[in-house]
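A.B. asks: Got a sequence here, can you build the structure:
(chains A and B)
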Amino acid sequence: MWISNALIPVLRLIIGVTARWESEPDLTRQRIYFANHTSHMDTLAIMAALPAQARRDVKPVAAKDYWGKTRFRAYIAQRGLNAVLIDRAPQVGQNVLEPIMDVVRAGHSIIIFPEGTRSSQALPGPFKSGLFRLAEAFPEVDLVPVYLENLHRSMPKGKHVPLPILCTIRIGKPIVRIAGEAKPEFLDRAREAVVRLAQ
Amino acid sequence: MSMEEKVLWFFGGIVALLAVASLTGYVLSRRATGESARATVVNLNQRVNAWWGMVIIIGLSWLIGPIATVVLYAFISLFALREFITLAPTTRADHNALFTAFFILIPLQYILIGTQWYSMFTLLIPVYAFLLLPAIAVLSQETSAFLERTAKVQWGVMVCVYCISHAPALMLLDLKGFAGQNSLLLFYLVFVVQLSDVLQYVFGKLFGKHKVAPLVSPSKTVEGLVGGGLSATLIGGGMYWMTPFSFWQSLGMSLVIVCMGFLGGLVMSAIKRSLSAKDWGTMIKGHGGMLDRMDSICFAAPVFFHFTRYFFSA
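C.D. replies: Presented below is the predicted three-dimensional model:
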């Protein structure tokens, strides 16, 4: 954790990372934070926005094909950010979400980017089904939408140095659970919850 | 009076002023009734508290030495440009130009002040950055809104880096019979500009009726401008003892500072509005962002610098 503790002040100096909570966060409950994904700083930015005691129990989800590529990246992701690595191109019969499910079963909150990849737009693209399956598997966990504002301007895809542009982390109320809701409707509604925070 | 005595008198006076302001704020907060009156008093007290913070930072940087002052203003430029670019819609194609502005031009401009290279300090941004920033941007081959995007970056760099850097650059000047005392001139500039802002605010709140430019800045009134501006000019004139000026010269200089500061506030307010924002940021509680506090300095500093250099150089 010392790496994220060291990186967060640097991030604050460069991009501000102001947290805006739509309602008082209930940190006693287990949560799945889901956010739009535009830069490599997204995970750290959400971590920086969370209160320190919540930060320790939160595990961000990261792609193994990127964050596991070199030993340096793997070290940063696992030791520094406390991340769970998942395989975006799993073998036949392997459940992509299994490592995440293990972590949630163990009682951790997680951060997930349901688009599955970084986008270069201000608003998120369509969500992949992972969030739906997690929501079904863990009906008692809060699903919290997060909108990351301006991170796509500070460090857009393909650029390696963040610009000092003020970024705001907007954290919404947990979305309402609707029993028996079909996958496409749920994913649309979840995406809308993030888009709404952007306005 | 020696330099140290002047600094002591100056800061002593400011601490006394702020103590009075804090006390007034405290009394008002106990007497304020009604929603809007209370909001005004809360904002007033936040502003006064922020002033304490700013005065302490400026005082400490003076104690550490001239390099600390230059570094302080470099960070002020960084925070100001950060607010400017956050509100101005630049695109991915501007990334490299903005990288140059933030990480090369800001340090370089202040290093030039620190190393006292006067000619390059005046040329770096208006000549080299002016030509090279669009050249860097053009390499990304994005032509849509090219002129608008370039203009935004240029304006941001001119106002937030070039103009603000003229405040600490006062320490470069070689003035008649004033050797080693130039930081007093920097205090004088900042004091008159900010005093004028504060007094315009106070006069506006107490007597304000006619708005100067309601479409640009609804809080600026004729009464505030005339009352606050004239009293700041008079007080600035009375501060001649900490400058190389006589009373009348100091009065003239203060008038220039007050006028430029007012115009700066107005222009920056128009830019803010054209970007549909009310405040530049949230960095300084009660004041808004760094640029909300620096907007008048942006315009006053370069003109004050060149007037002083032209008329009072050794």
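A.B. asks: where does A:Met1 land on pLDDT?
C.D. replies: Looking at A:Met1, its pLDDT is 66.
A.B. asks: So which elements touch the longest strand seen in chain A?
C.D. replies: Longest strand in chain A by number of residues (criterion: DSSP state E): strand A:142-149. Contacts defined by 3 or more Cβ pairs under 8 Å, 6 or more residues apart in numbering or on different chains; DSSP states H and E place strand A:142-149 against strand A:31-35, helix A:42-49, strand A:168-171, helix A:183-198. All C-beta spots, glycine's among them, are computed from the backbone N, C-alpha and C.
A.B. asks: Compare these and say which comes out lowest on pLDDT.
C.D. replies: Looking at those, the bottom one is helix A:42-49 with a mean of 92.
A.B. asks: what does it rub up against?
C.D. replies: A:4, A:7-8, A:11-12, A:15, A:17-19, A:33, A:35, A:55, A:58, A:60, A:62, A:81, A:83, A:111, A:113, A:146, A:148, A:151, A:167, A:169, A:171 (Cβ atoms under 8 Å, 6 or more residues apart in numbering or on different chains).
A.B. asks: I'd like to know which of those residues are buried.
C.D. replies: Neighbour-count burial (16 or more other Cβ atoms under 10 Å in any protein chain shown) applied to the contacts of helix A:42-49 gives A:4, A:7-8, A:11, A:15, A:17-19, A:33, A:35, A:55, A:58, A:60, A:62, A:81, A:83, A:111, A:113, A:146, A:148, A:151, A:167, A:169, A:171.
A.B. asks: So which of the residues you listed belong to strands?
C.D. replies: A:18-19, A:33, A:35, A:58, A:60, A:62, A:111, A:146, A:148, A:169, A:171.
A.B. asks: Pick the one among those residues closest to B:Gly59.
C.D. replies: A:Thr18 (28.2 Å; Cβ to Cβ).
A.B. asks: In contact with that closest one: list those residues for me.
C.D. replies: By Cβ under 8 Å, 6+ apart, the neighbours of A:Thr18 are A:49, A:166-169, B:282.
A.B. asks: Check B:Val212 too.
C.D. replies: Counting by Cβ under 8 Å, 6+ apart, B:Val212 has contacts B:220-222, B:225, B:266.
A.B. asks: Could I get the contacting residues of the residue nearest to A:Ala122 when sequence neighbours are not counted?
C.D. replies: Distances taken as Cβ to Cβ, 6 or more residues apart in numbering or on different chains place A:His152 nearest to A:Ala122, at 6.1 Å, with adjacent residues excluded. Taking Cβ under 8 Å, 6+ apart as the contact definition, A:His152 lies against A:38-39, A:119-122.
A.B. asks: Could you dump those residues into TSV and include distance to B:Ser276?
C.D. replies: Listed next are those as TSV, based on distance: Cβ to Cβ, whole Å:
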residue	distance to B:Ser276
A:Thr38	22
A:Ser39	25
A:Ser119	25
A:Ser120	23
A:Gln121	21
A:Ala122	16
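A.B. asks: sorry, back to before: okay, among the ones in strands among the buried ones among the contacts of helix A:42-49, which ones form the most distant pair?
C.D. replies: A:Thr18 and A:Ala62 (24.0 Å).
A.B. asks: follow-up on the earlier one: I'd like to know which of the contacts of A:His152 are buried.
C.D. replies: Applying 16+ other Cβ under 10 Å to the contacts of A:His152, the neighbour count classes A:38-39, A:119, A:122 as buried.
A.B. asks: now for those, which pair is the farthest apart?
C.D. replies: Spanning the widest gap among the buried ones among the contacts of A:His152 are A:Ser39 and A:Ala122, at 12.1 Å by Cβ to Cβ.
A.B. asks: for chain B, what are the nearby residues on chain A?
C.D. replies: With Cβ under 8 Å from any Cβ of the partner chain as the criterion, chain A comes near chain B at residues A:16, A:18, A:120, A:150, A:153, A:156, A:159, A:161, A:163-166.
A.B. asks: Assign a three-state SS to the residue in the stretch 101-250 of chain B positioned nearest to chain A, would you?
C.D. replies: Relative to chain A, the nearest point of the stretch 101-250 of chain B is B:Phe102 (5.5 Å; Cβ to the nearest Cβ). What DSSP: H, G, I helix; E, B strand; the rest coil gives for B:Phe102 is helix.
A.B. asks: neighbours around it, how many?
C.D. replies: Residues near B:Phe102, counting by other Cβ atoms under 10 Å in any protein chain shown, number 24.
A.B. asks: Identify the spatial nearest neighbour of it, chain neighbours not counted.
C.D. replies: Of all residues not flanking B:Phe102 in the chain, A:Pro164 sits nearest, at 5.5 Å (Cβ to Cβ, 6+ apart).
A.B. asks: shouldn't the one you found be in contact with A:Ile15?
C.D. replies: Yes. Counting by Cβ atoms under 8 Å, A:Ile15 is a contact partner of A:Pro164 at 6.4 Å.
A.B. asks: Give me the common contacts of these two.
C.D. replies: Common neighbours of A:Pro164 and A:Ile15, using Cβ under 8 Å, 6+ apart, are A:Ser154.
A.B. asks: okay but B:Met171 is in contact with B:Leu184, surely?
C.D. replies: No. Between B:Met171 and B:Leu184 there is no contact under Cβ under 8 Å: 10.1 Å.
A.B. asks: Same drill for these two, tell me which one is more crowded.
C.D. replies: Remark: of B:Met171 and B:Leu184, B:Leu184 carries more neighbours, 21 against 17, as counted by other Cβ under 10 Å.
A.B. asks: check contacts around B:Trp52.
C.D. replies: Taking Cβ under 8 Å, 6+ apart as the test, what B:Trp52 contacts is B:18, B:22.
A.B. asks: can you give me the mean pLDDT across whichever strand or helix holds it?
C.D. replies: For B:Trp52, the host element (DSSP states H and E) is helix B:35-64. Averaging pLDDT along helix B:35-64 gives 92.
A.B. asks: Now do the helix or strand just after that helix and strand A:142-149, the angle between them.
C.D. replies: Once helix B:35-64 ends, the next helix or strand along the chain (criterion: DSSP H and E) is helix B:66-87. Helix B:66-87 and strand A:142-149 meet at an angle of 110 degrees, taking axes from the mean of the first three to the mean of the last three Cα atoms, to 10 degrees as the criterion.
A.B. asks: for chain A, what are the nearby residues on the stretch 51-200 of chain B?
C.D. replies: B:78, B:81-83, B:85-86, B:90, B:92, B:95, B:98-99, B:102-103.
A.B. asks: Residue ranges in the stretch 51-200 of chain B under the pLDDT threshold?
C.D. replies: By pLDDT under 70, the stretch 51-200 of chain B contains no weakly predicted segment.
A.B. asks: Can you show me the helices along it?
C.D. replies: B:66-87, B:95-100, B:106-114, B:118-123, B:130-138, B:146-157, B:164-165, B:182-207 (DSSP state H, counting those that start in this stretch).
A.B. asks: Go through the ones you listed and pick out the most buried.
C.D. replies: Among the helices of the stretch 51-200 of chain B, helix B:164-165 has the highest mean neighbour count (mean count of other Cβ atoms under 10 Å in any protein chain shown), at a mean of 26.
A.B. asks: who does that one touch, helix- and strand-wise?
C.D. replies: If contacts are counted by 3+ Cβ pairs under 8 Å, 6+ apart, helix B:164-165 sits against helix B:66-87, helix B:106-114, helix B:290-312.
A.B. asks: Can you tell me what sits against that helix?
C.D. replies: B:73, B:76-77, B:80, B:109-110, B:113, B:121, B:294, B:297-298, B:301.
A.B. asks: Could you export those to TSV, including columns for distance to A:Gly130?
C.D. replies: Below are these laid out as TSV (distance: Cβ to Cβ, whole Å):
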residue	distance to A:Gly130
B:Tyr73	49
B:Ile76	45
B:Ser77	44
B:Ala80	42
B:Gln109	48
B:Tyr110	48
B:Ile113	53
B:Phe121	55
B:Met294	46
B:Ile297	51
B:Cys298	49
B:Ala301	54
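A.B. asks: No further questions, thank you.
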